[in-house]
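J.: what's the 3D shape of this:
(4 chains)
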2 protein chains.
Amino acid sequence: MIGGWEDIRAEVLRRISTQEWPAGVLIPTEEALAQEFGCARATVSRALRELAQAGVVERRRKAGTRVAVLPVRRATLEIPVIRQEVQARGQTHGFQLLRAERLAPPVPVASRLGLAAQDPLWYLETLHLADGQPFVFETRWLNPAILPAVMPDFTALSVNEWLVKNVSYASGDIAFSAAGATAREAEVLGVAAGAALFITERSTWRAEAAITFVRLAHAPGYRVQTVV
Amino acid sequence: MIGGWEDIRAEVLRRISTQEWPAGVLIPTEEALAQEFGCARATVSRALRELAQAGVVERRRKAGTRVAVLPVRRATLEIPVIRQEVQARGQTHGFQLLRAERLAPPVPVASRLGLAAQDPLWYLETLHLADGQPFVFETRWLNPAILPAVMPDFTALSVNEWLVKNVSYASGDIAFSAAGATAREAEVLGVAAGAALFITERSTWRAEAAITFVRLAHAPGYRVQTVV
DNA sequence: GAGTGGTCTAGACCACCTC
DNA sequence: AGGTGGTCTAGACCACTCT
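T.: Model prediction:
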């Protein structure tokens, strides 16, 4: 029995994965499928929209819906706040603010934030701990323009969470890479210099204004995982 | 002027980011918003559903819609086929099948695929090239049960693409991490042993049956990037 | 029990694109 | 020019869960 849009999505996916509808072919129109399944067109539309979002089919007006030839699968990653991430592992979170000073940013950072290199930004180094052990070393450049007149006390509340609560829902981009530990990272994380570290870099804007650029150097063993 | 569901999503996002609706508070019901915006409830519903998917609000029947307190942002990653990824960089893709043999998998691989360790699997090593330079070193364990009676010619079509075309739309999980190059990886990729490499690991199933486990060791400089 | 989101329907109009 | 997906409407019923 075919019921709601999830059943329709499953049925369409079945026909595709069994090659009943091979890669590249046009599948029936929404209206035709609605008749076949005995439901409204909107229901079929919802199912096909989800499949298009997942990269399984490609849709264009007038051209119809095709099974994707080279399926660019899309996976969803969850980006939690660090404290949440540590606590989700059943560990206690702590952090130390190691440095906080005004500095002119290096050129790559300034350009990535779209600021002139001579504008001094706040530079903050924070070490996050899981059960007292180094978990991630955070180096952050922060646009002073977005801070209130009185500097918040970042030794009590991590910069990370202050931003989440006060400058929330900005847009930005995230990049993941691997790099050998720099001397500073090795010292702070307690690993050998050159050890392979997982690096997360994130730039954040709100309405064209640069907010922050942060680099997270994760302690060895860190993984980002997701389901497709 | 407030028009379609995208405008409504933008307006709600604006009220949240300006703290007009601070974190944790209940926002008006779909019906109330529909009246305010002068549209049907379904239109508001669509906008709020998208915001919930992005992790900006949390919705529960009867409880209503709340601004997320700790916004677990969700980012979408695109997972292309390697050939596509190389070509998107404007480079030409090539590959070499370095090894192909039946082997009993190591325990971690067997357990991750839910197979007994003594069952021999196909073990394949492939080096992918971008403009002739090492791009990613792929080591793959493949369940022979999913292969046809005659072994496909993996020197002509990469295993990667054969799977995409013949065992498409399976489910699985992906993990990203960093690791120092093993002796074999260093040799094949032409880097120093211990160099920091970006690692992608992926397990794939179809309907409870394990298909493949693949480990991709990317040449230095590789990044995974996305927009939030 | 009652209020909220989740979904479905039948119909309509529109935007876009291929033919 | 016509067919297709994209969206909106007005209404309805249902599922969940808080009180």
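J.: could you look up the SS state of A:V188?
T.: helix (DSSP: H, G, I helix; E, B strand; the rest coil).
J.: can you list the residues of chain A near DNA strand C?
T.: Residues of chain A lying close to DNA strand C by C-beta under 7 Å from any atom of the strand are A:3-6, A:38-43, A:46, A:60-63. From N, CA and C alone the C-beta is placed, and that goes for glycine too.
J.: for whichever residue of chain A sits closest to DNA strand C, what are its contacts?
T.: Nearest residue of chain A to DNA strand C (C-beta to the nearest atom of the strand) works out as A:G4 at 2.1 Å. Contact partners of A:G4, counting by C-beta atoms under 8 Å, 6 or more residues apart in numbering or on different chains, are A:T43.
J.: check the one 5 residues further on too.
T.: By C-beta under 8 Å, 6+ apart, the contact set of A:R9 is A:47-48, A:50-51.
J.: what about it, distance to A:V56?
T.: To A:V56, A:R9 is 9 Å away according to C-beta to C-beta, to the nearest Å.
J.: next: A:I82.
T.: For A:I82, the distance to A:V56 (C-beta to C-beta) stands at 34 Å.
J.: and what of A:Q118?
T.: Applying C-beta to C-beta, the value for A:Q118 to A:V56 is 49 Å.
J.: who has more neighbours, those two?
T.: It is A:V56, of A:Q118 and A:V56, that has more neighbours when counted by other C-beta atoms under 10 Å in any protein chain shown, with 22 against 8.
J.: isn't that one right up against A:P71?
T.: Yes: if you go by C-beta atoms under 8 Å, A:V56 and A:P71 touch, sitting 6.3 Å apart.
J.: quickly list what's touching both of those two.
T.: Common contact partners of A:V56 and A:P71 (C-beta under 8 Å, 6+ apart): B:Y169.
J.: among the residues of chain A next to DNA strand C, name the ones in strands.
T.: A:R60 (DSSP state E).
J.: top of the residues of chain A next to DNA strand C by number of neighbours, please.
T.: Going by other C-beta under 10 Å, A:T43 tops the residues of chain A next to DNA strand C with 20 neighbours.
J.: check contacts around that one.
T.: A:4-5, A:8, A:34, A:37.
J.: for DNA strand D, what are the nearby residues on chain A?
T.: Near DNA strand D, when you scan chain A using C-beta under 7 Å from any atom of the strand, you find A:29-31, A:41-42, A:45, A:48-49, A:52, A:59-65.
J.: picking that back up, just flag the most distant two among the contacts of A:T43.
T.: A:G4 and A:A34 (13.1 Å; C-beta to C-beta).
J.: what does stretch A:88-98 rub up against?
T.: A:80, A:82-83, A:86-87, A:124-132, A:135, A:154-155, A:158-159, A:188.
J.: mind listing what's buried in it?
T.: With burial defined by 16 or more other C-beta atoms under 10 Å in any protein chain shown, the residues of stretch A:88-98 counted as buried are A:93-95, A:97.
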